[in-house]
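Asker: Structure for this input, please:
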Amino acid sequence: MQTVTSLDPPQGVRQVEVGPERDGQRIDNALMTLLKGVPKSMIYRILRTGQVRVNGKRAKPDTRLSAGDMLRIPPVRLAEREEKAVSAQAAASLADTVIFEDKHFLVIDKPTGVASHGGSGVSHGAIELLRAARPHEHLELVHRLDRDTSGVLVFARTRAGLVGLQDAIRAGTVTKQYLCLMVGHPSKARFDVNAPLLKSVLQGGERMVRVADNGKPSLTFFREVEQFPGARLMQATLGTGRTHQIRVHAAHVGHPLAGDSKYGDREINKRYRELGLQRLFLHASHMGFELDGRAYAFSTPLPDDLRKFLEVLAVKGKNFQARD
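Answerer: Have a look, this model is predicted:
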């Protein structure tokens, strides 16, 4: 029987053989990839009611698949809202941002404005665009960047790469560094922010994060890279990887990131827009880790829009006063 790694919308019961790229993957996560367009609630329903079977046995959501397993998938309905077609131009444009690929990984320099994945009002993110550009490849999103954040984004091409890197991220052995512009003049060129963060979701689905005693431990290391009028270009190294961590920690110490519409200074952001800054000044500049004895290191420079803004700020930034 032919091994399959993707599945068209099923019309009847399907018997498929699990490929090596899904060896060790949870069955609920596998079905979300295989059954594109099917609501998540439906996937858990067919699991809960025993309609999904592995080697003839009922499967639970946390059942781990093995290469060679026979997976029974029942007929399921697609989401009522038909998915929008992926733009070929957008897919090709994102494919041009690839900076590295080998057996295990594919890495891009993600542009600002592109979400890591679809959802929450975004039809298609980086993972959907790359899958459209490379339809015969198996790609999985390893980690995420906020839509407005540019820089290094890693995808796995194998199950070993996905699990290995995610395990390393959880173990804290992955180096993640960002370049960001902090408003004002921090009193020290090097400082750490160790403040617990609590995430909440607003009624409209928007994620908000704040410093709270009952939050998760969160640590960011900041060091100065270059001084500008009313601002400092900083390198932020993650000690932990919480949602919006750098942005909230920067605001917590009184020096929010330039262009941050959620946690930043509205008046300063307005002035920076007049100087050409049209988005959040946050760029994932470096990511490094080891896998199976091999060292990986991916780095990308500041994109042109942020670099040009710094050039303007260096000349015209003295014309208005930022916070100190």
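
Asker: so what are the domain limits for this protein?
Answerer: Listed domain ranges for the chain are 3-73, 88-159, 174-319 (source: automatic domain parsing).

Asker: Which of those domains has the lowest mean pLDDT?
Answerer: Comparing the domains of the chain by mean pLDDT, the weakest confidence falls on domain 3-73, with a mean of 80.

Asker: now the domains of the chain as TSV including distance to Gln166 and mean neighbour count?
Answerer: (Each C-beta comes from the backbone N, C-alpha and C, glycine too.) Listed next are the domains of the chain as TSV, based on distance: least, CB to CB, whole Å; neighbours: other CB atoms under 10 Å:
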stretch	distance to Gln166	mean neighbour count
domain 3-73	11	15
domain 88-159	6	18
domain 174-319	10	17
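
Asker: closest one to Ala168 among those domains?
Answerer: The minimum distance between Ala168 and those falls on domain 174-319, with 5.0 Å, by CB to CB.

Asker: Just the terminal-to-terminal distance for the closest one.
Answerer: Its first and final residues considered, domain 174-319 spans 41 Å by CA to CA, to the nearest Å.

Asker: ok, now which ones touch the nearest residue to Gly264 once chain neighbours are set aside?
Answerer: Nearest residue to Gly264, sequence neighbours excluded (CB to CB, 6 or more residues apart in numbering): Pro256, at 4.1 Å. Going by CB atoms under 8 Å, 6 or more residues apart in numbering, Pro256 touches Met182, Val183, Arg247, Ala250, Tyr263, Gly264, Asp265.

Asker: Roughly how far does Pro256 sit from Ser93?
Answerer: Pro256 is 31 Å from Ser93, where distance means CB to CB, to the nearest Å.

Asker: ok, now Tyr263?
Answerer: From Tyr263 to Ser93 the distance is 30 Å (CB to CB).

Asker: quick one, what contacts Thr243?
Answerer: Residues in contact with Thr243 (CB under 8 Å, 6+ apart) are Leu197, Lys199, Arg207, Val209.

Asker: give me phi/psi at it?
Answerer: phi -60, psi 130 (degrees, to the nearest 10).

Asker: Over to the one 4 residues further on?
Answerer: In terms of degrees, to the nearest 10, the main-chain angles of Arg247 are phi -60, psi -40.

Asker: what residues are up against it?
Answerer: Going by CB under 8 Å, 6+ apart, Arg247 touches Val209, Pro256, Leu257, Asp260, Lys262, Tyr263, Gly264, Leu280, Leu282.

Asker: now those as JSON lines including secondary structure and distance to Glu290?
Answerer: What follows is the contacts of Arg247, written out as JSON lines (DSSP: H, G, I helix; E, B strand; the rest coil; distance: CB to CB, whole Å):
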{"residue": "Val209", "secondary structure": "strand", "distance to Glu290": "30"}
{"residue": "Pro256", "secondary structure": "coil", "distance to Glu290": "34"}
{"residue": "Leu257", "secondary structure": "strand", "distance to Glu290": "30"}
{"residue": "Asp260", "secondary structure": "coil", "distance to Glu290": "33"}
{"residue": "Lys262", "secondary structure": "coil", "distance to Glu290": "34"}
{"residue": "Tyr263", "secondary structure": "coil", "distance to Glu290": "33"}
{"residue": "Gly264", "secondary structure": "coil", "distance to Glu290": "36"}
{"residue": "Leu280", "secondary structure": "coil", "distance to Glu290": "30"}
{"residue": "Leu282", "secondary structure": "strand", "distance to Glu290": "26"}
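
Asker: Give me the distance between Tyr178 and Val193.
Answerer: 13 Å.

Asker: go on, Thr158?
Answerer: Thr158 is 36 Å from Val193, by CB to CB.

Asker: now Gly151
Answerer: Counting by CB to CB, the gap from Gly151 to Val193 is 20 Å.

Asker: From Glu137, how far out is the residue nearest to Gly264?
Answerer: Pro256 is 39 Å from Glu137, where distance means CB to CB.

Asker: picking that back up, for Ile169, state which of the contacts of Pro256 is nearest.
Answerer: Arg247 (19.3 Å).

Asker: And the strands in the stretch 101-250 of the chain?
Answerer: 105-110, 140-141, 150-156, 175-183, 190-194, 197-201, 207-211, 219-228, 231-238 (DSSP state E, counting those that start in this stretch).

Asker: what angle separates the fifth one from strand 231-238?
Answerer: Following axes from the mean of the first three to the mean of the last three CA atoms, to 10 degrees, one obtains 50 degrees for the angle between strand 190-194 and strand 231-238.
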